[in-house]
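[1] Would you be able to build a 3D model of this:
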Amino acid sequence: MSRGVVIIPTYNEIENIEGIVRAVFALSTPFHVLIVDDNSPDGTAQKVEELQREFPERLHLEKRARKAGLGTAYVHGFKWALQNGFDYIFEMDADFSHNPKDLERLYEACVNGADMAIGSRYVTGVNVVNWPLNRVLMSYFASVYVDFIMGMKIHDATAGFVCYKRNVLETINLDKIKFIGYAFQIEMKYRTFVNKFKIVEVPIIFTDRTKGQSKMSNAIIKEAIFGVITLRLKKIFNTL
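    Have a look, this model is predicted:
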């Protein structure tokens, strides 16, 4: 039996939430799902509560008072997962940009020796569907930039589709994680890397959302650019 939980942060995902939950539960591996909802005004949390009546053992909900950023939502979920005894903890978006079927491939990678398995858009070229060219280039060269500064040799440093073994999250000081967007994804990989855990990239096809609105903003991009330099300096001065 899998002791895996898929953490899905949500804010205004009413159009996607039922579909993504049902897609995960349709898999042969019996994953649990934890929704971390930031007080979505569109009723996302209420829909999850309805679904909990159908899936009382495997669907979980944590409601936060306000929209506080992707990174803090995941840290909240990580702590919940560790407290509840899960051995494999996943990050996944609610909008079907990550194919739920690929959860089993990430899971297998960790079962077979990886400490962190990344659903990578760029490990076998550029596998992105429905993104404009400028978005693809920004995302791709962000990973090139991260590799240049940090030397992690990861093709998709900003990926948000990840499986962790619990010992990774137990080793990382989650209270020190401060970034919220792309920089959060980079920080988690960097802290995993500097702790010498085994990181494996699993090729996936990323498909841009067709329902709901992207949460991308200029502030998130700026945080990533300067966050990388901040993390590297902290490592150099042994304050990471």
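[2] so where do the strands sit in the chain?
    According to DSSP state E, the chain carries its strands in the segments 4-10, 32-37, 59-63, 88-91, 116-120, 128-129, 162-165, 199-203, 206-207.
[3] quick one, which of these is nearest to Thr171?
    strand 162-165 (9.9 Å; CB to CB). From N, CA and C alone the C-beta is placed, and that goes for glycine too.
[4] which strands and helices sit next to the closest one?
    If you count contacts as 3 or more CB pairs under 8 Å, 6 or more residues apart in numbering; DSSP states H and E, strand 162-165 packs onto strand 88-91, helix 103-111, strand 116-120, helix 182-194.
[5] Recalculate using a threshold of 6 Å.
    strand 88-91, helix 103-111, strand 116-120 (3 or more CB pairs under 6 Å, 6 or more residues apart in numbering; DSSP states H and E).
[6] What are the boundaries of the helices in this structure?
    17-25, 44-54, 70-83, 103-111, 133-150, 166-171, 182-194, 218-236 (DSSP state H).
[7] So for the last one, mean pLDDT?
    So that's helix 218-236. Helix 218-236 carries an average pLDDT of 68.
[8] Where does the prediction get shaky in the protein?
    1-2, 131, 136, 209-225 (pLDDT under 70).
[9] mind running it again at 90?
    1-2, 67-69, 123-153, 157-158, 178-183, 206-240 (pLDDT under 90).
[10] Go through stretch 100-109 and flag the buried ones.
    Neighbour counts over stretch 100-109 (16 or more other CB atoms under 10 Å) mark 100, 102-103, 106-107, 109 as buried.
[11] hang on, isn't Phe78 packed against Leu169?
    Yes: with contact defined as CB atoms under 6 Å, Phe78 reaches Leu169; the gap is 5.1 Å.
[12] how about the CA coordinates for stretch 192-205, as PDB?
    C-alpha atoms of stretch 192-205 as PDB (Å, rounded to 0.1, in the frame of the first residue of the first chain):
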ATOM      1  CA  THR A 192      17.800  18.900  -1.100                       C
ATOM      2  CA  PHE A 193      20.900  19.200  -3.300                       C
ATOM      3  CA  VAL A 194      23.200  20.600  -0.600                       C
ATOM      4  CA  ASN A 195      22.100  17.900   1.800                       C
ATOM      5  CA  LYS A 196      23.400  15.400  -0.800                       C
ATOM      6  CA  PHE A 197      20.100  13.600  -1.400                       C
ATOM      7  CA  LYS A 198      19.700  11.800  -4.700                       C
ATOM      8  CA  ILE A 199      17.700  13.800  -7.200                       C
ATOM      9  CA  VAL A 200      16.200  12.200 -10.300                       C
ATOM     10  CA  GLU A 201      14.400  14.000 -13.200                       C
ATOM     11  CA  VAL A 202      11.400  12.100 -14.800                       C
ATOM     12  CA  PRO A 203      10.400  13.400 -18.200                       C
ATOM     13  CA  ILE A 204       6.800  14.700 -18.400                       C
ATOM     14  CA  ILE A 205       4.700  16.700 -20.800                       C
END
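[13] picking up where we left off before, more crowded one of Phe78 and Leu169?
    Phe78 (26 against 20; other CB atoms under 10 Å).
[14] doesn't Asn12 make contact with Ser40?
    Yes: between Ser40 and Asn12 there is a contact at 4.9 Å, judged by CB under 6 Å.
[15] before we move on, the earlier item: any idea which of the strands of the chain gets closest to Asp156?
    Of all these, strand 116-120 comes closest under CB to CB, at 4.1 Å.
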